[in-house]
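Undergrad: With the sequence up front, the predicted model follows.
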Amino acid sequence: MIASSRRLEQTNPQLALKLYPLNADAVVAWGVEALGKGDDNGQFKTIEQDVRAAIPLNAGDARIYSLLGEIMRRRGQDDAAYALFDHALLLAKTEIHALQWAIERDIGKQNYRKATDQLDVLFRRWPDRIEPLAPALPAIYSSPDAYAMLLARLGDDPPWRRRLINALSAGPTKGPDFAARLIRDLAVTPMPPTRPETARVLSSLLRHKQYDLAYRTFLLTLAPEEKDLSGFVFDGAFRQEPSGRVFDWSIRQQPGTTLTLPAGGDLSQSGEGLSLVFNETPVLRVGIEQYIMLPSGDYEIAFEASAFAAKLPKGLTWSLDCRDPGKTILRLDVPPGDYKERVVSAPFSVPHNCPIQMLSLRTNAIAESWSERYSGRILFQNIRISMVQS
């Protein structure tokens, strides 16, 4: 009978209880199922009787007390319900139902320290609860004292931090705003945000067209060693590997080319620079780009490059484009051939209705043609943008 009851406890808990009335798993499964149907024909009373009958031989099972607490809560007996939830948490501090109601009670009482402690327990044991609860956190932690509690806990780098930041970033506008505030404030703690955490928030802010907030967040979360790389073009000397953040270089390797950033000692005396090698094939896309934020005004762009037998049948161009709305600002051609440390520059202007721009390296090819094969290598030592005083 016991074995049969065990097999049926999830699929038919009522029958499982008839076969073995002391099956606690069947009691919990039936209670949850019955509660989901509401109090039809006074069924809560029957459920309560069955649950209480299971207590003597299952006194250490936190789920039993949590289920009984839910019955009391639905019957309007809140004091009794929370007493049972508290007892369930004494037996098992990770009992999910009791834990969630305890958190709600502590938030209602503005006991944010205890609520944050319990959220920590919940997210460690039940990480799948992060996504459903994340949208509520900006409102819950809106007061300065409450926010300080959450920030301090995230500063301890709990295992759920990145998942929470990702969940906030994926939500509506308040979520990305809140995530951006968190990572800015974490930047001055001993456990600053990681590059993947920052990258996710920045991408979300861009999707919501919060360009200024995204760029400010990027600058305020730079590591101390990265601050020297700042400028209208970030890391214009190609010194560090791409970080995945939208205001840093982004590389996607494309057919027919090999991009290396930084170039390394085999390709560059300093180890810095951007190496672009062509593989004797047609090239449609190059695959390096960076979002930049230039206020409206007059500028000059310049790059320094060295070429080694570079054949560019459909051209190679540094392109600067408005992204919202899409509009070309500048095309600056890269010369083919052989040369060393050549500087190429051009003036340009950014219009008023261009809040964010994209700097990218591209060809003019629109279709593959094997009669137009790219070959050779180009090493870009740097690229910079400077404002021109009128």
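TA: Thanks, I have the structure now. Small disclaimer: the values here were computed from a predicted structure and weren't measured.

Undergrad: and the gap between the residue nearest to residue 262 when sequence neighbours are not counted and residue 264?
TA: In space, not counting the residues next to it along the chain, residue 262 is nearest to residue 272; the distance is 5.1 Å by C-beta to C-beta, 6 or more residues apart in numbering. Every C-beta, even on glycine, is put in place using the N, C-alpha and C of the backbone. Using C-beta to C-beta, to the nearest Å, one gets 9 Å for the distance from residue 272 to residue 264.

Undergrad: What count of nearby residues applies to residue 324?
TA: A count of nearby residues for residue 324, using other C-beta atoms under 10 Å, gives 14.

Undergrad: That one contacts residue 355, correct?
TA: Yes: Residue 324 is within contact range of residue 355, at 6.1 Å (criterion: C-beta atoms under 8 Å).

Undergrad: quick one: buried residues of the helix or strand containing residue 164?
TA: For residue 164, the element it lies in under DSSP states H and E is helix 161-170. By neighbour count, with 16 or more other C-beta atoms under 10 Å as the criterion, the buried positions of helix 161-170 are 161, 163, 164, 165, 166, 167, 168, 169, 170.

Undergrad: Reformat those into a markdown table and put pLDDT and distance to residue 284 next to each item.
TA: As requested, the buried residues of helix 161-170 are exported to a markdown table (pLDDT from 0 to 100; distance: C-beta to C-beta, whole Å):
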| residue | pLDDT | distance to residue 284 |
| --- | --- | --- |
| 161 | 98 | 40 |
| 163 | 97 | 37 |
| 164 | 97 | 40 |
| 165 | 97 | 36 |
| 166 | 96 | 33 |
| 167 | 97 | 37 |
| 168 | 97 | 37 |
| 169 | 96 | 32 |
| 170 | 94 | 32 |
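
Undergrad: how about residue 245, secondary structure?
TA: State at residue 245, reduced to three classes by DSSP: H, G, I helix; E, B strand; the rest coil: coil.

Undergrad: Quick check on it: phi, psi?
TA: Residue 245 has phi and psi values of phi -80, psi 140 when expressed as degrees, to the nearest 10.

Undergrad: Next, count neighbours for it.
TA: Residue 245 is flanked by 24 other residues according to other C-beta under 10 Å.

Undergrad: confidence score at it?
TA: What the model reports for residue 245 is a pLDDT of 96.

Undergrad: Against residue 153, how distant is it?
TA: Shown here: residue 245 relative to residue 153, a distance of 25 Å by C-beta to C-beta.

Undergrad: for residue 79, same thing?
TA: Between residue 79 and residue 153 the distance is 29 Å, computed by C-beta to C-beta.

Undergrad: So for the two, which sits in the more crowded spot?
TA: Between residue 79 and residue 153, counted using other C-beta under 10 Å, the more crowded position is residue 153 (18 against 8).

Undergrad: Go ahead and list the helix or strand containing that one.
TA: Secondary structure (DSSP H and E) places residue 153 in helix 144-155.

Undergrad: in that helix, what's buried?
TA: 146, 147, 149, 150, 151, 153, 154, 155.

Undergrad: mind putting those in JSON lines, pLDDT and distance to residue 330 included?
TA: Putting these into JSON lines (pLDDT from 0 to 100; distance: C-beta to C-beta, whole Å) gives the following:
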{"residue": "146", "pLDDT": "95", "distance to residue 330": "48"}
{"residue": "147", "pLDDT": "97", "distance to residue 330": "43"}
{"residue": "149", "pLDDT": "95", "distance to residue 330": "49"}
{"residue": "150", "pLDDT": "97", "distance to residue 330": "44"}
{"residue": "151", "pLDDT": "97", "distance to residue 330": "42"}
{"residue": "153", "pLDDT": "97", "distance to residue 330": "47"}
{"residue": "154", "pLDDT": "97", "distance to residue 330": "41"}
{"residue": "155", "pLDDT": "96", "distance to residue 330": "43"}
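
Undergrad: right, and the pair among those residues with maximum separation?
TA: Spatial extent of the buried residues of helix 144-155 (C-beta to C-beta) is set by the pair 146 and 155 at 15.0 Å.

Undergrad: on that earlier part again, and the angle from the helix holding residue 164 to helix 144-155?
TA: Orientation note: helix 161-170 sits at an angle of 130 degrees relative to helix 144-155 (axes from the mean of the first three to the mean of the last three C-alpha atoms, to 10 degrees).

Undergrad: Residues contacting the next helix or strand after helix 161-170, please?
TA: As assigned by DSSP H and E, the chain's next helix or strand after helix 161-170 is helix 174-186. Contact partners of helix 174-186, identified using C-beta atoms under 8 Å, 6 or more residues apart in numbering, comprise 134-135, 137-139, 141, 150-151, 154-155, 165, 167-169, 192-193, 197-198, 200-201, 204-205, 208, 210, 213-214, 217, 220-221.

Undergrad: ok, now with 6 Å
TA: Judged by C-beta atoms under 6 Å, 6 or more residues apart in numbering, the contacts made with helix 174-186 from elsewhere in the structure are 138, 151, 165, 168-169, 192-193, 198, 201, 204-205, 208, 217, 220-221.

Undergrad: With stretch 362-374 instead?
TA: Taking C-beta under 6 Å, 6+ apart as the criterion, the residues outside stretch 362-374 that touch it are 278, 280-284, 286, 313-317, 319.

Undergrad: Name the weakest-confidence residue in those residues, if you would.
TA: Note: of these, the lowest pLDDT belongs to residue 284, at 89.
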